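Enquirer: pasting the structure only:
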């Protein structure tokens, strides 16, 4: 499985989101004959900088998306696909400006209980992966894992799965559940509010975070440099 | 792993009229631990003068844990003082991230 990310102008974000949510059958064009490639596209909603790319001023937050497939893709093929399938004609601007990079492969997957213990098991699992990778267990990564797991329990549904993806210089954690009708929000609750802080914490800690919608699961993920 | 709770809370004083309640917390304060902490908080006398939480042993806290600390501070009403004693860097960082540093009284 090979994953690529795309950065594109923020102005395209609404259409990209509706492409994500609409999940047109034409996404199957990505499907390799391997069967389980589950091509999907991700919105990067929390990005203030892009790995391997140019820093993006916070005021003009770029939105990026990810496409996953079994075959390596070239940038021209990808932009051609976007032009044909993912984006409405109205958005057919300078697609050549899209940047693309490889974000690594899923390293480990864990099933989590749909209950109060999910967060601590998520933390222990992430700690294991980081230890195996020879890295240091980073407090921010563990906190984000805890928040995403708690959100999956509270707002998600069905089986919960944790994926940890590492590259030589980054780690991404991803929590999947089966509640397709509810998407994460960064809320800034009143100071004394007792809830609604999880995603704003993830937004503050992670270099990026985003949403992945597949045919029967949704995932919230975030990425940290190592 | 699921039954391994390294979180503990001891109610050293439930407080009372003019007397501060004292709880000692240790371990990882997350959604799992929060359930135990809520039970302990409910034992605090509503007439207590304030709540003193010794959090020196709290090595991790997330927003689920923070939520219960906020509930503790709400228990005695808006004029009461909730003190976090010996707060460690993970808790201080979360309080800072969430803008709640000023909501609690910090004590050495």
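Expert: Right, received. Where do you want to start? For clarity, every value in this text was computed on a predicted model and none was experimentally measured. Numbering: from 1, shown residues only, chains lettered A, B, ... in the order given.
Enquirer: give me the low-pLDDT residue ranges for chain B?
Expert: Applying pLDDT under 70 to chain B picks out residues B:1-5.
Enquirer: list the contacts for the closest residue in space to residue B:88 that isn't next to it in sequence?
Expert: In space, and not counting its chain neighbours, residue B:88 is closest to residue B:58: 6.3 Å by Cβ to Cβ, 6 or more residues apart in numbering or on different chains. For glycine as for every other residue, the C-beta is placed from the backbone atoms N, C-alpha and C. Neighbouring residues of residue B:58 by Cβ atoms under 8 Å, 6 or more residues apart in numbering or on different chains: B:25, B:26, B:27, B:28, B:29, B:65, B:87, B:88, B:90, B:91.
Enquirer: So residue A:129: helix, strand or coil?
Expert: Three-state assignment for residue A:129 (DSSP: H, G, I helix; E, B strand; the rest coil): helix.
Enquirer: before we move on, back to that, helix or strand for the residue nearest to residue B:88, which one?
Expert: Using DSSP states H and E, residue B:58 sits in strand B:50-61.
Enquirer: Within its sheet, name the partner strands of that strand and how each one runs.
Expert: Strand B:50-61 has its sheet partners listed here by DSSP bridges as strand B:21-29 (parallel), strand B:81-85 (parallel).
Enquirer: just the ones you listed: most buried one?
Expert: Of all those, strand B:21-29 carries the top mean neighbour count, a mean of 22, counting by mean count of other Cβ atoms under 10 Å in any protein chain shown.
Enquirer: What's the first helix or strand after it?
Expert: Scanning onward from strand B:21-29 (DSSP H and E), the first element met is helix B:31-41.
Enquirer: now check that next one, is it near chain A?
Expert: Yes. Helix B:31-41 comes into contact with chain A (Cβ under 8 Å from any Cβ of the partner chain), by way of B:31, B:32, B:34, B:35.
Enquirer: which of these count as buried?
Expert: Listed as buried from the residues of helix B:31-41 next to chain A are B:31, B:32, B:34; burial here means 16 or more other Cβ atoms under 10 Å in any protein chain shown.
Enquirer: And the first one, how far from residue B:21?
Expert: This points to residue B:31. Shown here: residue B:31 relative to residue B:21, a distance of 23 Å by Cβ to Cβ, to the nearest Å.
Enquirer: what do you get for residue A:161?
Expert: Residue A:161 sits 41 Å away from residue B:21, going by Cβ to Cβ.
Enquirer: The residue lying closest to residue B:17 once chain neighbours are set aside: what's it in contact with?
Expert: Spatial nearest neighbour of residue B:17, chain neighbours left out: residue B:47 (4.8 Å); criterion: Cβ to Cβ, 6+ apart. Residue B:47 is in contact with B:15, B:16, B:17, counting by Cβ under 8 Å, 6+ apart.
Enquirer: Listing request: residues of chain A with sub-threshold pLDDT.
Expert: Those would be A:1-106, A:134-137, A:180-196, A:210-216, if you go by pLDDT under 70 across chain A.
Enquirer: hmm, try it at 80
Expert: Along chain A, segments meeting pLDDT under 80 span A:1-107, A:132-137, A:157, A:167-170, A:180-196, A:203, A:207-219, A:225-226.
Enquirer: So residue A:115 sits against residue A:153, correct?
Expert: Yes. If you go by Cβ atoms under 8 Å, residue A:115 and residue A:153 touch, sitting 6.4 Å apart.
Enquirer: Of these two, which one has the most company?
Expert: Comparing residue A:115 with residue A:153 by neighbour count (other Cβ atoms under 10 Å in any protein chain shown), the higher total belongs to residue A:153, at 23 against 13.
Enquirer: okay, the angle between the host helix or strand of that one and strand B:21-29?
Expert: Following DSSP H and E, one finds residue A:153 within helix A:139-155. Counting by axes from the mean of the first three to the mean of the last three Cα atoms, to 10 degrees, helix A:139-155 points 100 degrees away from the direction of strand B:21-29.
Enquirer: Great, nothing more from me.
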